[in-house]
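Visitor: Provide a 3D model corresponding to the input given below.
(chains A and B, ligands or ions: 1)
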Amino acid sequence: MTGVDHLDEALLTALRDGVAAPADESRGRAHLDACVECRDRLAALEQRRTTVAAGLASLDTSFDLESARAAVRAGAFPFRKRTHRAAWARAAGAVLFLGVATAAAALPRSPVRHWLSQIVHSRTTAVPAPDSQAAGPAAAAETTGVRLDVPSGPLHVVLGDVTAGTEINVRWVPGSEAAILAPLGSRFTSATGRLEARPAPGPVRVELPRGVVPTTLEVGGRVYLARTLEGLTVSGPVVRRDDDGVVFRTPDR
Amino acid sequence: MEFDATFDEIYPRLVRYCHRLTGDRDAAEDAAQEAMVRLFTHAVEGPVPALRAWAFKTATHLVRDRYRVDKNRRRLLQERPVAPARTEDPDRSLERREDEARARAALEALSPRDQEMLLMRFEGFSYKEIAGAVDVASTSVGTLLARAERRFHQALTGAEDEA
Ligand SMILES: [Zn+2]
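Guide: Just a heads-up that it's a prediction; the model follows:
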């Protein structure tokens, strides 16, 4: 083959991996049948794939999948009855981390995030939360909550007896489930269209389904936000606000 | 979505990918686990390959935003790990550690995007899935991937591959 364009590296790689588009595949195969040079290049690429795969594999290490499974389950379903206590205990550090991960994820610069990153990087339960005292660090990090399916409005979420200076992170969520997530020791009640909590000291997360109207959030007898067909009215003490929700902080006494 | 089956289908390769990407065990587990938590809490729907692509994309962004921006912090953590030192695996020979260091250096010679593309390809993702995860046009993926693979191979072996 002279005076002919040889196959380029991208096409040869795609042919090697069996992912070339059908037209490229037939054009490429026809060329390979006739061109020993490109066949040699293809063979070199086969060898390269093996070397690269081995190089990448040398970076690998083993992971404890059972701990990870427990941690992810705890993070994804923090309200589920804790029937897997024994499995969780093995992954205590990670479980505590993920118990607050969803609450902190939306707060990139929050104290929770900072505290969380300390836990993450120390991988220990001995790092106290900034405000935790007698309850101890482990209890402070653990969260609990209540979840309620609200196929249609109205929805009232009520927080009572809230400690001064409490951060309340309100998130709009898809689906039809509303939730309150708060530190261990909080008390919850729910009824049709109503979720109520008396949170223990520490950050509180409230999940409100985007599609449910009207929705109101009442904190300490005050309406913090109301969402109706007309739109959203925010009247509480806002710390931050974005498309995914609003963060409030209750006034210091 | 069945929790255990979905977890088993996705997480082992996801955490391996994150570890290859970061070179940091804790960062890899954090990113992979958080991506999995989001997969379940966001109730992402679809067949397993779509869920897997979603999880990889999410983890890639977490790694980008959180674990790769501040290389100084990472270096600090590696030099003075806060966690108790892990016991060195006795059969991890010197040779194996040298291989690892060489591969790490070769990978870090690539741009972050090229690292992500190469690693996702070697986890079996299609060009289209890679395009979606790393924000490049799917028509460019083949060319970019071939080049990333060549550069990685050159850095790894010192060989002068043809273009
Ligand atoms: Zn040729």
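Visitor: right, and the secondary structure at A:Val223 would be what?
Guide: Assigned by DSSP: H, G, I helix; E, B strand; the rest coil, the conformation of A:Val223 is strand.
Visitor: whoops, A:Ser62 was the one
Guide: At A:Ser62, secondary structure determined by three-state DSSP is coil.
Visitor: so how far is the ion from it?
Guide: Using C-beta to the ion, to the nearest Å, one obtains 43 Å as the distance from A:Ser62 to the ion. No exception for glycine: its C-beta is placed from N, CA and C like everyone else's.
Visitor: And the pLDDT at A:Pro199?
Guide: The model reports A:Pro199 with a pLDDT of 89.
Visitor: give the contact list for it.
Guide: A:Pro199 makes contact with A:Leu159, A:Asp161, A:Val162, A:Thr163, A:Thr166, A:Ile180, A:Ala182, A:Pro183, A:Ser186, according to C-beta atoms under 8 Å, 6 or more residues apart in numbering or on different chains.
Visitor: Generate a PyMOL selection restricted to the buried entries among the residues you listed.
Guide: To isolate the buried members of those in PyMOL, using 16 or more other C-beta atoms under 10 Å in any protein chain shown:
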select buried, chain A and resi 159+162+166+180+182+183+186
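Visitor: Farthest pair within the contacts of A:Pro199?
Guide: Farthest pair in the contacts of A:Pro199 (C-beta to C-beta) is A:Thr163 and A:Ile180. Separation: 14.8 Å.
Visitor: in chain B, which helix or strand is least confident?
Guide: Evaluated with mean pLDDT, DSSP states H and E, the helix-and-strand set of chain B has its lowest mean pLDDT in helix B:71-79, which scores a mean of 50.
Visitor: Toward the C-terminus, what is the element adjacent to it?
Guide: helix B:94-108 (DSSP states H and E).
Visitor: From the contact counts, what lies against that following helix?
Guide: Here helix B:94-108 is seen to pack against helix A:36-57, helix B:112-121, helix B:138-157 when contacts are counted using 3 or more C-beta pairs under 8 Å, 6 or more residues apart in numbering or on different chains; DSSP states H and E.
Visitor: Give the buried residues for the longest one.
Guide: Residues A:Cys38, A:Arg41, A:Leu42, A:Leu45, A:Arg48, A:Arg49, A:Thr51, A:Val52, A:Gly55, A:Leu56 are the ones in helix A:36-57 that count as buried (16+ other C-beta under 10 Å).
Visitor: what's next to stretch A:219-235, contact-wise?
Guide: A:158-162, A:168, A:170, A:208, A:213-218, A:236-237, A:241, A:246, A:248, A:250.
Visitor: Which ones among those residues map onto strands?
Guide: Among the contacts of stretch A:219-235, the subset assigned to strands under DSSP state E consists of A:Val158, A:Leu159, A:Ile168, A:Val170, A:Leu208, A:Thr215, A:Thr216, A:Leu217, A:Glu218, A:Arg241, A:Val246, A:Phe248.
Visitor: what about the fourth one, neighbour count?
Guide: The local packing count at A:Val170 equals 24, with neighbours defined by other C-beta atoms under 10 Å in any protein chain shown.
Visitor: So it is in contact with A:Asp242, correct?
Guide: No: in terms of C-beta atoms under 8 Å, A:Val170 does not count as a neighbour of A:Asp242; the distance is 10.9 Å.
Visitor: My guess is B:Ala106 contacts B:Ala155. True?
Guide: Yes: when contacts are counted by C-beta under 8 Å, B:Ala106 is listed as touching B:Ala155 (3.6 Å).
Visitor: And these two? Which one has more around it.
Guide: The residue with the greater number of neighbours, taking B:Ala106 and B:Ala155 and applying other C-beta under 10 Å, is B:Ala106; the counts read 21 against 18.
Visitor: Please report how far the more buried one lies from B:Ala28.
Guide: With distances defined as C-beta to C-beta, to the nearest Å, the gap from B:Ala106 to B:Ala28 amounts to 18 Å.
Visitor: host element of the spatially closest residue to A:Glu46 that is not a sequence neighbour?
Guide: Nearest-residue entry for A:Glu46: A:Arg16, 6.1 Å, with adjacent residues in sequence omitted and distances by C-beta to C-beta, 6 or more residues apart in numbering or on different chains. Under DSSP H and E, the secondary-structure element containing A:Arg16 is helix A:9-17.
Visitor: Report the mean confidence score over the following helix or strand past that helix.
Guide: Scanning forward in sequence from helix A:9-17 by DSSP H and E, the next helix or strand is helix A:22-34. Taken as a whole, helix A:22-34 has an average pLDDT of 95.
Visitor: Reformat the contacts of A:Pro199 as TSV; add distance to chain B and pLDDT.
Guide: Written out in TSV, the entries for the contacts of A:Pro199 read as follows (distance: C-beta to the nearest C-beta, whole Å; pLDDT from 0 to 100):
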residue	distance to chain B	pLDDT
A:Leu159	21	92
A:Asp161	28	88
A:Val162	24	91
A:Thr163	26	90
A:Thr166	23	92
A:Ile180	15	88
A:Ala182	17	87
A:Pro183	19	83
A:Ser186	20	81
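Visitor: Pull up the residues of the stretch 1-150 of chain A that are close to the ion.
Guide: Along the stretch 1-150 of chain A, the residues adjacent to the ion under the rule C-beta under 5 Å from the ion are A:His6, A:Cys35, A:Glu37, A:Cys38.
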